[in-house]
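A.B. asks: Sequence first, predicted coordinates after that:
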Amino acid sequence: MRLALFQPDIPQNLGAFIRLSAGLGVPLDIIEPCGFPVDDKRIRRAAMDYYDLATIVRHASWTSFRRAQLKSRPAGRLVLLSTAGTTVFPDVAFRAGDILLLGRESAGVPAEVHEAADLSVRIPLRPGARSLNVALAAAMVLSEGLRQTQGFAEPS
């Protein structure tokens, strides 16, 4: 499995994603442009001591991400986590090659990204709640995906 962030706009969330992906051994794709300055120094600072454990791939645009995805992972599904998702989270059967895609904290993803997704997933929330923090949503869904696919690392 992989995590992919579409144009993140909160640097602290990027740090949380890097630590999540590093800790669980899941590669992280960052689809730019981001809503804040991004360079290796800032990524290293956000990741803290998890930087060397992380596998991070930066993509200059949605188009370059799609090109890389189609070239290197043709069998994997693109699974979009969205408040407008058509499939309810607990009902998803994950596959080891899935890429979990999360949108911008402020605006989600544009229509072309929704259309490119093989599956769009919604976490059901109680009435009146709009959404979860994007990093929390990723952690919930990724952990279930790893559980289903036996993708957790062996305990040390």
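C.D. replies: On my side now, so go ahead.

A.B. asks: any idea where the strands of the chain begin and end?
C.D. replies: Secondary structure of the chain, counting by DSSP state E: strands at 2-6, 28-31, 56-59, 78-81, 87-88, 99-102, 119-122.

A.B. asks: Direction included, what does the last one pair up with?
C.D. replies: Right, the one you point to is strand 119-122. Take DSSP bridges as the rule and strand 119-122 pairs in its sheet with strand 78-81 (parallel), strand 87-88 (parallel).

A.B. asks: hey, which of those is tucked in deepest?
C.D. replies: strand 78-81 (a mean of 25; mean count of other CB atoms under 10 Å). Every residue, glycine included, has its C-beta placed from N, CA and C.

A.B. asks: from the chain's centre, how far out does the worst-scoring helix or strand of the chain on mean pLDDT sit?
C.D. replies: When the helices and strands of the chain are scored by mean pLDDT, DSSP states H and E, helix 40-47 comes last with a mean of 72. For helix 40-47, the separation from the chain centroid amounts to 18 Å (computed by CA atoms, centre = their mean, to the nearest Å).

A.B. asks: before we move on, back to that, same list, the strands paired with strand 119-122, but as CSV with distance to Val113 and mean pLDDT please.
C.D. replies: Output for the strands paired with strand 119-122, formatted as CSV (distance: least, CB to CB, whole Å; pLDDT from 0 to 100):
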stretch, distance to Val113, mean pLDDT
strand 78-81, 7, 97
strand 87-88, 16, 96
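
A.B. asks: Dump the ones you listed to JSON lines, plus distance to Tyr50.
C.D. replies: What follows is those, written out as JSON lines (distance: least, CB to CB, whole Å):
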{"stretch": "strand 78-81", "distance to Tyr50": "22"}
{"stretch": "strand 87-88", "distance to Tyr50": "31"}
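
A.B. asks: Mind checking these for the one nearest to Arg95?
C.D. replies: Nearest of the strands paired with strand 119-122 to Arg95, taken as CB to CB: strand 78-81 at 8.9 Å.
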